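sequence plus predicted model, see below.
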Number of protein chains: 4
Amino acid sequence: MAGTRFSYVKTFEQPDPLLPETYMVLRLDGHGFHKFSDTHGFAKPNDERALQLMDAAAAAVMDEFRDVVLAFGESDEFSFLLRKKCTLYNRRQSKILSTLVSFFTSVYVLRWPAFFPDTPLQYPPSFDGRIVLYPAQQHVRDYFAWRQADTHINNLYNTTFWALVQQGGQSTTQAHETLKGTVASGKNEMLFSRFGINYATLPARFRKGSVLVREVPKVEPEPDVDAAGGVCETDARQDAVPPTTSAPSKRQKKVVVVLHEDIIENQFWDDRPELLA
Amino acid sequence: MAGTRFSYVKTFEQPDPLLPETYMVLRLDGHGFHKFSDTHGFAKPNDERALQLMDAAAAAVMDEFRDVVLAFGESDEFSFLLRKKCTLYNRRQSKILSTLVSFFTSVYVLRWPAFFPDTPLQYPPSFDGRIVLYPAQQHVRDYFAWRQADTHINNLYNTTFWALVQQGGQSTTQAHETLKGTVASGKNEMLFSRFGINYATLPARFRKGSVLVREVPKVEPEPDVDAAGGVCETDARQDAVPPTTSAPSKRQKKVVVVLHEDIIENQFWDDRPELLA
Amino acid sequence: MAGTRFSYVKTFEQPDPLLPETYMVLRLDGHGFHKFSDTHGFAKPNDERALQLMDAAAAAVMDEFRDVVLAFGESDEFSFLLRKKCTLYNRRQSKILSTLVSFFTSVYVLRWPAFFPDTPLQYPPSFDGRIVLYPAQQHVRDYFAWRQADTHINNLYNTTFWALVQQGGQSTTQAHETLKGTVASGKNEMLFSRFGINYATLPARFRKGSVLVREVPKVEPEPDVDAAGGVCETDARQDAVPPTTSAPSKRQKKVVVVLHEDIIENQFWDDRPELLA
Amino acid sequence: MAGTRFSYVKTFEQPDPLLPETYMVLRLDGHGFHKFSDTHGFAKPNDERALQLMDAAAAAVMDEFRDVVLAFGESDEFSFLLRKKCTLYNRRQSKILSTLVSFFTSVYVLRWPAFFPDTPLQYPPSFDGRIVLYPAQQHVRDYFAWRQADTHINNLYNTTFWALVQQGGQSTTQAHETLKGTVASGKNEMLFSRFGINYATLPARFRKGSVLVREVPKVEPEPDVDAAGGVCETDARQDAVPPTTSAPSKRQKKVVVVLHEDIIENQFWDDRPELLA
């Protein structure tokens, strides 16, 4: 049969297994999201709807792929940690990479109307991704610290920048000029003295990014309340809140929760030894 | 700054350039589409709406990425040929793979309602992909011949199978049993004698798959007529149709057209030497 | 200049960095050494000269490449551990692999006459190699345990096999037949009852293989005594021997020593924490 | 058995097949040969014995590995072309690379005394190597043109440089200074006017490098005449020499011959269509 004669072309497919027992981090980024955010009227410096949509897509990835044990997102990027022992698709790089990026994209488009009910998509948003391998726990810790430190740096810059533009009446060129050479403390001071903004009181989501892990929910999730589709939002301040039910709940199933807390220090990791197990 | 201390983790990113001056074929496949097609009520053996949506997503990929010069689709898979000289993203494999699969997925979800107006998506469809390199023209010819031969084999089987089930009253188990060990001629005969179906007269789309190339349109496309978004559909029989305008048109811009014609023989390739240039 | 016109061919060279901070193990094997050992009259089941030559070549590799912290050899194979932080040749795989295998080969041929003074090389011996990455200490421990367990299995088999042939008068076919299905205890018993050989008292070199590490020599090496070129031979039993100099020596420089001791249990590794640091 | 418990470490070995039906070029280079040539008193600018030893090692590689159809050498480097259809070791990169570099090294050391009878090796010479893939004939042509153009550039420079030093009495620093910014014609002129050297009449080996192919020898090789081991030396000028036997020889077996002729122009390749077949 003709199929047989041509099927030698399959021999050109190269194997691409990722090194066993190594942490995989898949990071995806919005493709051309500067233009995309302008076209779709994202608020500056942070658009809460857009960030929540990113979180929802990431949570869906974690619901679908149990090997993803942690995700961290800021702006138009998300990083996913796959556990060291992961054998998903026999650790074939292209298969894992393409499947997860595709799934994330699919959710992003599918759920868009729930987060932007009045803003139809003007064109298809897309994401690119890559997988990076880390051999040791410390590397993984430092990877996520790197992303959260980046979140802070970017957000402080962007918050000050847009304050100068939106409240200070500067042009974007002037605002860039104003900020040239400033350090963190200078920007904090500028925000407070010129615009009355105490950076530390801004929403944790903007300052810390989004941290997704699986947890037994502290508060019973109420189904269907959240148009965004049941992602259980928990912020760092809830940590002090006592559980609402004192009796041991039967529904101890872990769900994906979205936190906005520090992942640079030890506490987060000490509380969740399973992440790096 | 903290960012600096952690940024060494970037050094773990491995380069992944694809060999220069080699043809790339990116093939993507629906992830779990057997279940997906059942859930969304796809017609058997072929759902024209679903195939058209695949074509529309592939055409959008070609509109977005000029390096894609040819695409071939059947069922829930599509193959894209990137020209030999392509330097997109410096030929970085992960970047090309993830971006194109993401973009395809995005269009698939975004355009779904246009093709399935009465069938809301029940859950996010996704696709996986891989890139295969071919050093020579003959390999590329044989790759696409392999896929089109596969289309024929699958479609003949599926057409007979579903005729046995839908018209012949067999269970799916019985139908599999009936077809066990049959060859092409046997299935053709069975279709004709038992169900009055002349396989050769079935729609070319089902028998040949979809072939997407850029062409100066033979018939002026009429904007907005096609709810699917302006993909210019051309079938093989139009080849005999004389151009509607005898005067040289000013609008000679090439657009992506969808053909359903043979790509195993030489004619298709002889007519389009630029594909393998 | 003509050189410029052609130099684009350099762009086809692909980068091949090995993942940072991961243990590299380079294992090389004699190419066609079954025939080579026959041609050059190696003693069966073990040729001490041949093993010493392998050790000498491996020791030379360690003298030349400081990143190699441990080597283990048996028969015609040697494994080299490169420390986790190794940045030799920017961790380029092909460069490291080819250079070390070439260097080993060079020493093997150059030093051949010292170990086989009466047996000229009939043809060039060669070795092939590969590099395997291990992310964690336990993998490295298990890798070397795997090789030493293999040494034991092979040596027990070969010792019994050649006893059957050389002392028992069996043909090689008969000897294979005799050993089919036997377990370790059966071979030990056979050696003792039929040939009076107590396996445990055979030379440690044959039973344990060769373990090369850098150490402050317990006995001052006496230059030029060893025709094989100054490899300092130390066997496990020397561990109990007190240092010959009670006064602290000024010459505390570490040299490569050849041991024949257990590397499966913890002791060896506990004594040398620097190997896996 | 213990072997089983540890053998999981084999799963860390990564596959590394080279793309099928693509030309492989393996290039090896002397490791630290600047120092090596000084230590062993190589003549400047070219040491004929050293070059002949390189040729002999390369010829032995071609005798051993039939997939190598062409080799080109200059100075301390050699490039080997493996035919496109080569399936040696299932095209495993590490295996091919390490084996060939090891074999070359082995011959180099083994044959050293035949070429340097009065100069014992002071230390083990070694080579590193890499494999580069080329998809098309033109790339292979251009690769070898690149190396031969490089030979010319280097040799013209070195010839002039050492003339300035050896005959002109300049220090090496002065000679470098003298040559700074000169072009080819300037060096040719300098050689002729100051030192009476007509560059074009220097030995073809120095100007063109060594080209090794398999040929039916034009002149019957006389065994054992050549201390270097039977490599059949043929230079470009022999091309005009009529065969010495007019009767068809029974001994038409091809042997590896060393040529010193142009491989940039078409003639060489037109005469040997099998090289790129």
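Noted; the coordinates are in hand. Numbers count the residues shown, from 1 in each chain, chains lettered A, B, ... in the order given.

my read is A:Ser98 is in a helix, agree?
Yes: counting by DSSP: H, G, I helix; E, B strand; the rest coil, A:Ser98 is part of a helix.

and it, how far is that from chain C?
Distance, A:Ser98 to chain C, by C-beta to the nearest C-beta, to the nearest Å: 21 Å. (Each C-beta comes from the backbone N, C-alpha and C, glycine too.)

and what about the nearest residue to that residue once chain neighbours are set aside, helix, strand or coil?
Excluding the flanking residues, the one nearest A:Ser98 by C-beta to C-beta, 6 or more residues apart in numbering or on different chains is B:Gly129, at 4.1 Å. With three-state DSSP as the basis, B:Gly129 sits in strand.

tell me the pLDDT at B:Gly129?
pLDDT, B:Gly129: 98.

same check, this time on the one 4 residues further on
At B:Leu133 the predicted local confidence, pLDDT, stands at 98.

count of neighbours near it?
With neighbours defined by other C-beta atoms under 10 Å in any protein chain shown, the count for B:Leu133 comes to 21.

ok, now how distant is it from D:Leu121?
As judged by C-beta to C-beta, to the nearest Å, B:Leu133 and D:Leu121 stand 43 Å apart.

and what of A:Trp146?
Distance of A:Trp146 to D:Leu121, given as C-beta to C-beta: 50 Å.

up against chain C, what does chain A have?
A:19, A:21-22, A:133, A:135-136, A:139 (C-beta under 8 Å from any C-beta of the partner chain).

residue in chain A nearest to chain D?
A:Pro15 (4.4 Å; C-beta to the nearest C-beta).

would you agree A:Ser102 is in contact with B:Val109?
No: A:Ser102 lies out of contact with B:Val109 (C-beta atoms under 8 Å); the separation is 10.1 Å.

and those two? Which one has more around it.
Neighbours per residue, other C-beta under 10 Å: of A:Ser102 and B:Val109, the larger number sits with A:Ser102, 30 against 25.

would you say the more buried one is within a strand?
No: A:Ser102 is assigned helix when assessed by three-state DSSP, not a strand.

tell me the confidence at it?
98.

ok, A:Thr11 - how many residues close by?
Other residues close to A:Thr11 by other C-beta under 10 Å number 12.

the residue of the stretch 151-277 of chain A found nearest chain B: which element?
Across the stretch 151-277 of chain A, no residue is closer to chain B than A:Ile153, which sits at 5.7 Å (C-beta to the nearest C-beta). In this assignment (DSSP states H and E), A:Ile153 forms part of helix A:137-166.

counting contacts, what elements does that helix pack onto?
The helices and strands touching helix A:137-166, judged by 3 or more C-beta pairs under 8 Å, 6 or more residues apart in numbering or on different chains; DSSP states H and E, are strand A:23-30, strand A:68-74, strand A:77-82, strand A:127-134, helix A:172-179, helix A:184-195, helix A:204-208, helix B:2-6.

the second one pairs with which strands, parallel or anti?
Within its sheet, and counting by DSSP bridges, strand A:68-74 is paired with strand A:77-82 (antiparallel), strand A:210-215 (antiparallel).

quick check: mean pLDDT of that strand?
On average, strand A:68-74 scores 98.

go ahead and name everything in contact with it.
Contacts to strand A:68-74, defined as C-beta atoms under 8 Å, 6 or more residues apart in numbering or on different chains, come from residues A:51, A:54-55, A:58-59, A:61-62, A:78-83, A:100, A:144, A:147-148, A:150-151, A:154-155, A:209-214, A:263, A:274-275.

let's go with 6 Å and repeat that
Strand A:68-74 has contacts (C-beta atoms under 6 Å, 6 or more residues apart in numbering or on different chains) with A:54, A:58, A:62, A:78-83, A:144, A:147, A:151, A:209-213, A:275.

that one versus strand A:23-30: what angle between them?
Here strand A:68-74 points in a direction 40 degrees away from that of strand A:23-30 (axes from the mean of the first three to the mean of the last three C-alpha atoms, to 10 degrees).

list the buried residues for strand A:68-74?
A:68-74 (16 or more other C-beta atoms under 10 Å in any protein chain shown).

tell me the one among those residues nearest to chain C.
Distances from chain C to the buried residues of strand A:68-74, taken by C-beta to the nearest C-beta, are shortest for A:Val69, at 17.3 Å.

ok, the closest one to chain B distance?
In terms of C-beta to the nearest C-beta, A:Val69 sits 18 Å off from chain B.

who's the residue nearest to A:Ser98 bridged to?
Counting by DSSP bridges, B:Gly129 is bridged to B:Leu28.

A:Ser79 now?
Going by DSSP bridges, A:Ser79 forms beta bridges with A:Arg27, A:Phe72.

so what's it up against?
Taking C-beta under 6 Å, 6+ apart, one finds A:25, A:27, A:72, A:147 in contact with A:Ser79.

and the pLDDT for it?
98.

also the one 4 residues further on?
Reading off the per-residue confidence, A:Arg83 sits at a pLDDT of 97.

what's around it, how many residues?
18.

if I look at it, how far off is A:Ala114?
Distance, A:Arg83 to A:Ala114, by C-beta to C-beta: 30 Å.

below-threshold pLDDT in the stretch 101-250 of chain A: ranges please.
A:219-250 (pLDDT under 70).

find the closest residue to chain C in it.
For the stretch 101-250 of chain A, C-beta to the nearest C-beta, closest residue to chain C: A:Pro135, 3.6 Å.

isn't that residue right up against A:Glu21?
No: if you go by C-beta atoms under 6 Å, A:Pro135 and A:Glu21 don't touch, sitting 8.6 Å apart.

which residues do these two both contact?
Common contacts of A:Pro135 and A:Glu21 (C-beta under 6 Å, 6+ apart): C:Pro135.

returning to what we had before: give the contact list for the residue of chain A closest to chain D.
A:Pro15 makes contacts with D:Pro15, as judged by C-beta under 6 Å, 6+ apart.

circling back to that earlier point, ok, A:Pro135 and A:Glu21, which is more surrounded?
Set side by side, A:Pro135 and A:Glu21 show more neighbours around A:Pro135, with 24 against 18, by other C-beta under 10 Å.

who touches that one in this structure?
A:Pro135 sits in contact with A:22, C:21-22, C:135, where contact means C-beta under 6 Å, 6+ apart.

now for the residues you listed, which pair is the farthest apart?
The distance between the two most remote of the contacts of A:Pro135 (C-beta to C-beta) is 10.7 Å, for A:Thr22 and C:Glu21.

residue nearest the centroid of chain A?
What sits nearest the mean C-alpha location of chain A, by C-alpha atoms, centre = their mean, is A:Gly73, with 1.7 Å.

relative to A:Val255, how far out is that residue?
For A:Gly73, the distance to A:Val255 - C-beta to C-beta - is 17 Å.

of the buried residues of strand A:68-74, closest to D:Trp269?
Using C-beta to C-beta, the buried residues of strand A:68-74 come closest to D:Trp269 at A:Val68, 54.1 Å.

partners of that closest one in the sheet?
Taking DSSP bridges, one obtains A:Leu82 as the residues bridged to A:Val68.

mind listing what's buried in the host helix or strand of A:Lys35?
Take DSSP H and E as the rule and A:Lys35 turns out to sit in helix A:33-39. For helix A:33-39, burial by neighbour count (16+ other C-beta under 10 Å) applies to A:33, A:36-37.

same check, this time on stretch A:181-199
A:187-188, A:190-191, A:197, A:199.

who in chain A is up against chain D?
A:11-12, A:15, A:20 (C-beta under 6 Å from any C-beta of the partner chain).

right, I'll call it a day here.
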